[in-house]
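> dropping a prediction and its sequence here:
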Amino acid sequence: MEFFELVKKRQAVREYKSDQVSREDIMKILDAANHAPSGQNQQQWEFIVATGKTKDMLGESYGKIGEAYAAQWEEPAKSDFIKYARTYGGAPVVLAVTVTASPHPVVRRMHLESGCAAMQNIMLAARDLGMGTCWMTGPLNDEAGLREILKVGEDREIVAVTPLGYPASWPPKRERLDPDLTRIVHWLD
Ligand SMILES: Cc1cc2nc3c(=O)[nH]c(=O)nc-3n(C[C@H](O)[C@H](O)[C@H](O)COP(=O)(O)O)c2cc1C
């Protein structure tokens with residue numbers, strides 16, 4: 001897909017078909033992630049591909065978070081969100097990006113931002129292959145649980161996770177708050 005079209009067509013997808021994603025496509029997506037820019041060229045990211053029982057455990061963890069988060073919501077939004085959380089939208093795969101941990105705030109920021117660059121490449125590569133993703137930090141509300149399920153030690157930090165799969169449908173496009181860039185661009189001479 002042409003780049004500017006691709007960027008505009010990436011959307012957060014929260015409902016997936018159960019169709020499997022091939023290992024080859026997952027590796028293509030992670031290869032794109034591995035070509036992101038990184039602080040000090042440390043390429044400090046690692047990727048976890050969660051399927052099967054591991055994905056189910058992630059769903060149990062996020063499901064509990066979802067129940068608390070949506071407790072005051074009206075139906076059917078409440079049940080829909082909890083179902084999404086428990087199953088990661090029914091996606092067959094959940095990807096996690098981790099980076100090197102650091103106690104130093106500026107270094108930590110550098111590592112996390114490198115991980116974010118890798119995350120964005122994942123989303124764009126997946127979209128180019130006709131797949132959906134949804135950048136998620138909500139699951140980190142149970143960081144200890146996530147670390148245990150994904151076997152991530154204290155020497156690494158979880159940046160975010162995303163479901164990966166073929167969308168049940170593409171959601172309506174979230175309109176930009178400032179589509180003409182009149183408010184958010186600041187030119188300084
Ligand atoms: C840093 C970050 C954290 C996010 N965390 C979550 C999350 O925990 N759960 C979720 O369903 N969506 C999450 N999202 C997705 C946003 O809700 C979504 O990107 C936003 O609504 C805009 O929609 P769009 O991606 O289709 O443009 C997150 C996105 C970002 C960038």
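On my side now, so go ahead.
> ok, which residues in this structure are in contact with the ligand?
Applying Cβ under 6 Å from any ligand atom, we find that the chain lies next to the ligand at 11-12, 14, 134-138, 174. Glycine gets a C-beta too; all of them are placed from N, C-alpha and C.
> tally of neighbours for the nearest residue to residue 51 once chain neighbours are set aside?
Spatially, and ignoring its direct neighbours in sequence, residue 51 is nearest to residue 93 (5.5 Å; Cβ to Cβ, 6 or more residues apart in numbering). Neighbourhood size, residue 93 [other Cβ atoms under 10 Å]: 23.
> hang on, the earlier thing: drop anything exposed from the residues of the chain next to the ligand.
The neighbour-count test (16 or more other Cβ atoms under 10 Å) marks 11, 14, 134-136 as buried among the residues of the chain next to the ligand.
> still on that earlier bit, ok, what's across the strand from the residue nearest to residue 51?
Counting by DSSP bridges, residue 93 is bridged to residue 164.
> where do the strands of this structure begin and end?
Remark: strands assigned in the chain by DSSP state E are 45-50, 93-100, 132-133, 156-165.
> and the residues of the chain next to the ligand as TSV, adding pLDDT?
Listed next are these as TSV, based on pLDDT from 0 to 100:
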residue	pLDDT
11	97
12	97
14	95
134	98
135	98
136	98
137	97
138	96
174	95
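> now do the helix or strand bottoming out on mean pLDDT in the chain: which elements does it pack against?
Scoring the helices and strands of the chain by mean pLDDT, DSSP states H and E places helix 77-87 at the bottom, with a mean of 95. Helix 77-87 is packed against helix 52-69, with contacts defined by 3 or more Cβ pairs under 8 Å, 6 or more residues apart in numbering; DSSP states H and E.
> could you give the angle of the helix it packs on to strand 45-50?
Per axes from the mean of the first three to the mean of the last three Cα atoms, to 10 degrees, the angle that helix 52-69 makes with strand 45-50 is 100 degrees.
> how many residues are close by the spatially closest residue to residue 32 that is not a sequence neighbour?
Sequence neighbours aside, residue 125 is the residue nearest to residue 32 in space, at 3.7 Å (criterion: Cβ to Cβ, 6+ apart). As a burial measure, residue 125 scores 21 neighbours (other Cβ under 10 Å).
> which residues touch residue 125?
By Cβ atoms under 8 Å, 6 or more residues apart in numbering, residue 125 lies in contact with 28-29, 32-33.
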